[in-house]
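Participant: fold the following, please.
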Amino acid sequence: MARYIGPKTKIARKFRDPIYGPDKYYEKKSHPPGQHGTSKRRKKQSEYGVQLQEKQKAKYTYGILERQFKNTFYKASRKKGITGEILLQLIEARLDNVVYRLGISPTRSGARQLVSHKHITVNGKAVSISSYSVKSGDIIGIREKSKSLEAITNSLASRSNQFSWLEWDENLLCGKFLNYPERDEIPENIKEQLIVELYSK
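Facilitator: I've put the predicted structure just below:
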């Protein structure tokens, strides 16, 4: 399973946004990485540079590599509607992201690991593919043997985020994907229109 395993604070500093969540190291050094920090000679980015950076930011935020991200974009471009919004909706419907949003794991990388180790079920069947696309009405649960895992119980104990497109059953420890979220419901600070412009070149 290909994924980014490099330093996370460095990436957050590059985009000047704590894209991986609260980070005490990012708070200490929020300026860009490198010997010269903010005093780089070239301060003005080209239009292409701004668009590329926004795409990279989206990729790192959701933990998706280039080929998969590109395929998701082309899938979104074939659908009716605003391509940028549909792109984010398709990414939000990935199983690893839904597991993260439900609070079963505190991070997307942790959610990806739970999925790949077959701790997560969709409609009662174990699914080990992180990029599995969840559909409206699907029930996302935790495998019976995995419900006592410390990583899962700790995460569920501290879960606070509730999203309108997801429903959580505290007793059965499962969630329901109600529908694709609207753009204003997605909390990520991503300018998706810049990504559309980049791929439209």
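
Participant: tell me, how many neighbours does the closest residue to S164 other than its chain neighbours end up with?
Facilitator: In space, not counting the residues next to it along the chain, S164 is nearest to E185; the distance is 5.8 Å by CB to CB, 6 or more residues apart in numbering. For every residue, glycine as well, the C-beta is placed using N, CA and C. Neighbours of E185 under the rule other CB atoms under 10 Å: 12.

Participant: my guess is E185 contacts W165, does it?
Facilitator: Yes - between E185 and W165 there is a contact at 6.5 Å, judged by CB atoms under 8 Å.

Participant: quick one: the strands in this protein?
Facilitator: 120-122, 125-126, 139-142, 166-169, 174-177 (DSSP state E).

Participant: worst-scoring helix or strand of this protein, pLDDT-wise?
Facilitator: Every helix and strand of the chain was ranked by mean pLDDT, DSSP states H and E. The lowest is helix 24-28, at a mean of 51.

Participant: go ahead and confirm I86 touches Y74.
Facilitator: No - when contacts are counted by CB under 8 Å, I86 is not listed as touching Y74 (11.2 Å).

Participant: the more surrounded of these two?
Facilitator: The residue with the greater number of neighbours, taking I86 and Y74 and applying other CB under 10 Å, is I86; the counts read 22 against 11.

Participant: for the residue nearest to the spatial centre of the chain, which residues are in contact?
Facilitator: The residue at the geometric middle of the chain, judged as the C-alpha nearest the mean C-alpha position with CA atoms, centre = their mean, is Y62 (2.9 Å). Residues near Y62 by CB atoms under 8 Å, 6 or more residues apart in numbering: 91, 94, 97, 108.

Participant: about what we covered before: can I get the strands of the chain in a markdown table with mean neighbour count?
Facilitator: Formatted as a markdown table, the strands of the chain follow (neighbours: other CB atoms under 10 Å):
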| stretch | mean neighbour count |
| --- | --- |
| strand 120-122 | 21 |
| strand 125-126 | 11 |
| strand 139-142 | 22 |
| strand 166-169 | 16 |
| strand 174-177 | 20 |
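
Participant: show me the contacts of Y62 that map onto helices.
Facilitator: Among the contacts of Y62, DSSP state H puts 91, 97, 108 in helices.

Participant: looks like the first one contacts I64 (just checking).
Facilitator: It stands for I91. Yes - using CB under 8 Å, I91 is in contact with I64, at 7.0 Å.
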